[in-house]
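[1] kindly return the folded structure for what I paste below:
(one chain, ligands or ions: 1)
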Amino acid sequence: MTKPSVLVTRRWPAAVEARLAEDYNTVLNTGDTPMSPAEIRDALKHYDAVLPTVTDTLSAEALDVPTAQTKILANYGVGYSHICEPSARELGMTVTNTPDVLSECTADIAMTLLLMVARRAGEGERELRAGNWTGWRPTHLVGTKVSGKTLGIIGYGRIGQEMARRAHHGFGMDVVIYNRSQVAPDILAKCNATQVDTVDELLPQCDFVSLHCPGGAANRHLINGRRLDLMKPDAFLINTARGEVIDEHALIQALMFDTIGGAALDVFDGEPRISSDLLQCDNLVMLPHLGSATKEAREAMGFRVIENLNDFFNGKNPRDKVI
Ligand code: DGY
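    You can find the predicted model right below:
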């Protein structure tokens with residue numbers, strides 16, 4: 001039997017690429033450059049499966065093909081707001097993602113950011129590397145204590161829950177959460193978390209707010225100027241979800257005028273382009289979308305894509321089918 005043809009849009013860990021090549025007619029993007037909408041449209045006409053990731057924009061424009069050879073978009077990554085859902089549905093495509101396997105590592109990065117911004121670690125490193133450190137003094141780079149403070153979590157899926165576990169059991173933090181649907185009492189109880197009904201109710205209570213909701217149109221600018229004003233003047237905002245969840249212009253204002261304590265971002269609207277105004281903000285820590293960037297998570301994500309593909313081509317419902 002001919003093996004299904006599969007296009008991988010970016011380089012993947014070597015072990016996963018090797019396994020994929022055993023079972024499928026695999027074409028790799030050896031140059032590792034993001035594909036244009038025209039290249040994606042072309043791929044949809046020629047491959048049985050396309051394996052995209054967050055850097056591929058599978059917009060209505062890219063999915064605008066009369067008929068597609070591709071029957072499955074097996075996404076490498078948990079977030080899939082870069083795939084236009086109505087267009088994928090119209091083409092009758094199955095879409096899968098890779099949940100679970102990156103939750104702990106993404107929560108680790110969220111906690112890293114939280115600690116870095118609270119303890120001014122980015123500022124300290126910049127000072128030291130620039131050769132400007134004049135030595136220890138009682139008033140030098142004084143930050144904010146993390147232990148025992150209140151953490152607000154927006155989006156209480158797997159990553160949000162892992163973040164709560166670290167914050168509550170590691171740092172004795174009180175956890176307040178907002179989630180679209182009601183969270184089961186036993187899940188809340190694991191971190192003694194309190195669920196509130198609205199984002200507006202959560203924000204004024206928290207010393208730290210960490211975003212773990214999906215991106216896409218529904219949550220675009222969920223954190224806008226009005227909501228930033230609801231935060232305590234010394235509170236910190238952490239984003240490892242998607243850049244579009246924050247109105248970046250409003251955040252820049254809040255950081256420049258010190259209406260919040262600071263922010264820490266792993267994701268950016270329109271990344272990898274970074275606003276030059278963000279670069280001016282000292283009370284901001286930035287990482288280049290490293291949430292799932294561990295050997296363990298990145299390999300597990302790839303093997304999870306292969307499981308989804310195997311299910312699909314064996315006529316089963318893939319376990320991570322989202323569309
Ligand atoms: C995802 O999985 O959605 C991340 O943003 C990349 O790990």
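
[2] is any part of stretch 86-101 close to the ligand?
    No - remark: stretch 86-101 sits outside contact range of the ligand, by C-beta under 6 Å from any ligand atom, the gap being at least 6.5 Å. The C-beta positions use only the backbone N, C-alpha and C, and glycine is treated the same way.

[3] which residue sits closest to A241, ignoring its sequence neighbours?
    Excluding the flanking residues, the one nearest A241 by C-beta to C-beta, 6 or more residues apart in numbering is L211, at 4.4 Å.

[4] so what does the nearest residue to E201 once chain neighbours are set aside have for phi and psi?
    Excluding the flanking residues, the one nearest E201 by C-beta to C-beta, 6+ apart is Y178, at 7.6 Å. Here is the backbone geometry of Y178 (degrees, to the nearest 10): phi -120, psi 130.

[5] Y178 pairs with what?
    Listed by DSSP bridges, the beta-bridge partners for Y178 are I154, V196.

[6] tell me the pLDDT of it.
    Looking at Y178, its pLDDT reads 99.

[7] same question, the one 10 residues further on
    In the predicted model, L188 carries a pLDDT score of 98.

[8] same deal with P37?
    In this model, P37 is scored at 89, pLDDT.

[9] and the one 3 residues further on, by the same measure?
    Per-residue confidence (pLDDT) for I40: 93.

[10] wait, doesn't it sit right on D64?
    No - in this structure I40 lies outside contact range of D64 using C-beta atoms under 8 Å: 10.1 Å.

[11] could I get the phi/psi values of the residue nearest to A241?
    Torsion angles, degrees, to the nearest 10, at L211: phi -90, psi 130.

[12] ok so, going back, looking at I40 and D64, which is more packed in?
    Comparing I40 with D64 by other C-beta atoms under 10 Å, the one with more neighbours is I40, at 24 against 14.

[13] so how far is the ligand from that one?
    Distance of I40 to the ligand, given as C-beta to the nearest ligand atom, to the nearest Å: 18 Å.

[14] that residue - nearest residue in space that isn't next to it in sequence?
    I40 sits nearest to A62 (C-beta to C-beta, 6+ apart), 4.3 Å away.

[15] show me what contacts that neighbour?
    By C-beta atoms under 8 Å, 6 or more residues apart in numbering, the residues touching A62 are P37, I40, R41, D56, C84.

[16] out of those, who's the most crowded?
    D56 (26 neighbours).

[17] can I assume it is in contact with I40?
    Yes - the criterion here is C-beta under 8 Å, and D56 meets it with I40 at 6.5 Å.

[18] how about the residues of the stretch 201-323 of the chain by the ligand?
    Going by C-beta under 6 Å from any ligand atom, the residues of the stretch 201-323 of the chain near the ligand are G291, S292.

[19] residue boundaries of the helices in the stretch 201-323 of the chain?
    225-230, 248-256, 276-280, 295-313 (DSSP state H, counting those that start in this stretch).

[20] and what of the stretch 51-200 of the chain?
    Counting by DSSP H, counting those that start in this stretch, the helices of the stretch 51-200 of the chain are 85-90, 103-118, 121-129, 158-165, 171, 185-190, 199-202.

[21] reformat the ones you listed as CSV; add distance to G261 and mean neighbour count.
    Formatted as CSV, the helices of the stretch 51-200 of the chain follow (distance: least, C-beta to C-beta, whole Å; neighbours: other C-beta atoms under 10 Å):
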stretch, distance to G261, mean neighbour count
helix 85-90, 36, 15
helix 103-118, 8, 23
helix 121-129, 13, 14
helix 158-165, 18, 24
helix 171, 17, 16
helix 185-190, 27, 12
helix 199-202, 16, 16
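
[22] including distance to S275, could these go into CSV?
    Below are those laid out as CSV (distance: least, C-beta to C-beta, whole Å):
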stretch, distance to S275
helix 85-90, 28
helix 103-118, 18
helix 121-129, 17
helix 158-165, 25
helix 171, 31
helix 185-190, 37
helix 199-202, 24
